[in-house]
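Engineer: Sequence plus the predicted model coming up.
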Amino acid sequence: MDEKTYWDQRYETGETGWNIGYPSTPIKEFADQLNDKQIAILIPGAGNAYEAEYLYGQGFKNVHVLDIADVPLKSFKKRNPHFPEAQLLNEDFFTHKGAYDLILEQTFFCSLVPTDENRSNYARQMHRLLKPKGILAGVWFNFPLTGNMEKRPFGGNKELYLSYLEPYFKTITFESCYNSIPQRQGNELFGIFEKK
């Protein structure tokens, strides 16, 4: 089954245990510290994109929502009829072209099948999509990666993620998340990385 079909089915059948129904606290609190409302922001693998909805409501008008599945994008559009259609991108992250000041990572990395190729391509593509001095920031899951290729989201740890990110990014911070929602406490890392 290809990735698009897989994710559309997950949304159609309501198998979306990650969907909390509001912007996750770490991303929201990070967004609250951003001053320049003109910056171009991408949220890849955004799903229901509550973070994009929040940012747009806060006056960040250059927010782009990207997902390979169209089901969550349709539901986002229904909830946010005034959100610009051109900024809803039903595309594959790996073939997307653009230039952004900030990319927000909301456990998107952990949704990808954890092959070395996928994870290397993720880091390369994040680097490619960011403008010089651009920032990749957000949340990565911090729990063991199992050998089960079906059990999404997939885990990982700080060292593993850094092994992919460090060739392309300077680490500003990458620590245990102190403001995770209760059900994710202890299972998230928050990172801010600057494009090298």
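Structural biologist: Right, received. Where do you want to start?
Engineer: can we go C-alpha only for contacts and neighbour counts from here?
Structural biologist: Noted.
Engineer: And the strands in the chain?
Structural biologist: 41-44, 63-66, 88-89, 100-106, 130-141, 169-176, 188-195 (DSSP state E).
Engineer: longest single helix anywhere in this protein?
Structural biologist: helix 116-129 (DSSP state H).
Engineer: what's the distance between the residue lying farthest from the centre of the chain and T13?
Structural biologist: Here the chain reaches farthest from its C-alpha mean at G147, the gap being 22.8 Å by CA atoms, centre = their mean. Computed as CA to CA, to the nearest Å, the G147 to T13 distance reads 25 Å.
Engineer: quick one: low-confidence ranges for this protein?
Structural biologist: Low-confidence segments of the chain, defined by pLDDT under 70: 1, 16-20.
Engineer: Excluding covalently adjacent residues, which one is nearest to the spatially most central residue of the chain?
Structural biologist: When the chain is reduced to its mean C-alpha position, the nearest residue by CA atoms, centre = their mean turns out to be E105, at 3.0 Å. Spatial nearest neighbour of E105, chain neighbours left out: G138 (4.5 Å); criterion: CA to CA, 6 or more residues apart in numbering.
Engineer: picking that back up, list the contacts of the longest helix of the chain.
Structural biologist: Helix 116-129 has contacts (CA atoms under 8 Å, 6 or more residues apart in numbering) with 94, 97-100, 103, 109, 112, 136, 164-165, 168-169, 195.
Engineer: again, only using 6 Å
Structural biologist: 98-99, 164-165 (CA atoms under 6 Å, 6 or more residues apart in numbering).
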